[in-house]
Structures are given as C-alpha cells and as structure tokens.
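Asker: Provided below are the primary sequence and the corresponding predicted coordinates.
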Amino acid sequence: MTSKSPYVKNTEIKTYFICFFALEQPYKTSFLRIKITNVANPLKKGKEYEDMDILRGYVEAVKRNMETMNASDYDGKEEDLRRQQEELERYEQRLKEKSASADRFDQVVDAAVDCAAGDISFSQLEHMYQQKGS
C-alpha cells in the first residue's frame, strides 16, 4: 500500500497492517507478543519531523564519508569523496539555517559525527537536539 502523506513511509504502513493482521488472528497460544516498530505518528509533522529527517540524513552522509575515507584506494575514490563533501555541505547548510547560533550548530555537528562514529546513539543525538532546541 502506498501513502501520499509525506509523514508515513511504505514500510511503516506495512508494519502497521502486519501487526493489525496478527491481532485479528485467533489466539493459538497463551501468549501473544507484538513489537510495533517504525509506526508513523500522524500527529508528528512539520518542523520537528523535518528537522529529524535532516539530522538523520546528515548522520548517514557522515557514515558514508567515513567508510569511503577508511576504504582502501580504488578508481573513483576521489570523485566519491568530492560528491560526499558536496552532500555534507548541503546538509550542513540546512542545519545551520535551523540553528539558533554558530555554537549551537557546532554542538549539533559534533554530536552527529559522534553518532556516525557509534559513540552515541541516534536517540541520544535526537534528545540532545530537542533538549537544547535548534
């Protein structure tokens, strides 16, 4: 099923319907455990949702850049690094526009790099981002 809403992704809809289907089945065992993940909150929209998408995209771009820099040399590595640098600059520009100050921008970028390196989780990054405000 495809959604036209920008806040609901196809995987989220599939997860919801799979869980709904499981609830409709007759109980065959005495225990029924359902873990619902990636279910979109239709009330979560606007700036907060967009900010988290930008932050998540930036972290993923930093991860790709780290992997490329640490990879052994190959044909086209310089071109890949150049494209990745341009992508990082686009994300950084969007983050800078949403930041209240230069110091705040630096804190967000430092934390995003820590997240990409695996030093902190994305939920910790998200909490830090929301706690201090953009």
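Answerer: Yep, it's here. All of these numbers come straight from a predicted model, not from anything done at the bench.

Asker: Can you identify the element that follows the helix or strand of the chain with the lowest mean pLDDT toward the C-terminus?
Answerer: The weakest-scoring helix or strand in the chain, judged by mean pLDDT, DSSP states H and E, is helix 10-24 (a mean of 42). Moving toward the C-terminus from helix 10-24, the next helix or strand (DSSP states H and E) is helix 47-70.

Asker: what residues does that following helix touch?
Answerer: By C-beta atoms under 8 Å, 6 or more residues apart in numbering, the surrounding residues in contact with helix 47-70 are 7, 77, 80-81, 84-85, 87-88, 91-92, 94-95, 98, 108, 112-113, 115-117, 122, 125-126, 129-130, 134. In short, each C-beta sits where N, CA and C put it, glycine included.

Asker: Now the buried members of those.
Answerer: 84, 87-88, 91-92, 94-95, 98, 108, 112-113, 115-116, 125-126, 129, 134 (16 or more other C-beta atoms under 10 Å).

Asker: Those residues in helices, which ones?
Answerer: 84, 87-88, 91-92, 94-95, 98, 108, 112-113, 115-116, 125-126, 129 (DSSP state H).

Asker: tell me the domain boundaries of this protein?
Answerer: As assigned by automatic domain parsing, the chain contains the domains 1-44, 47-132.

Asker: worst average pLDDT in these?
Answerer: Lowest mean pLDDT of the domains of the chain: domain 1-44, a mean of 45.

Asker: On the three-state scheme, Y74 is what?
Answerer: coil (DSSP: H, G, I helix; E, B strand; the rest coil).

Asker: That one: how many residues sit nearby?
Answerer: Y74 has 9 neighbours, counted by other C-beta atoms under 10 Å.
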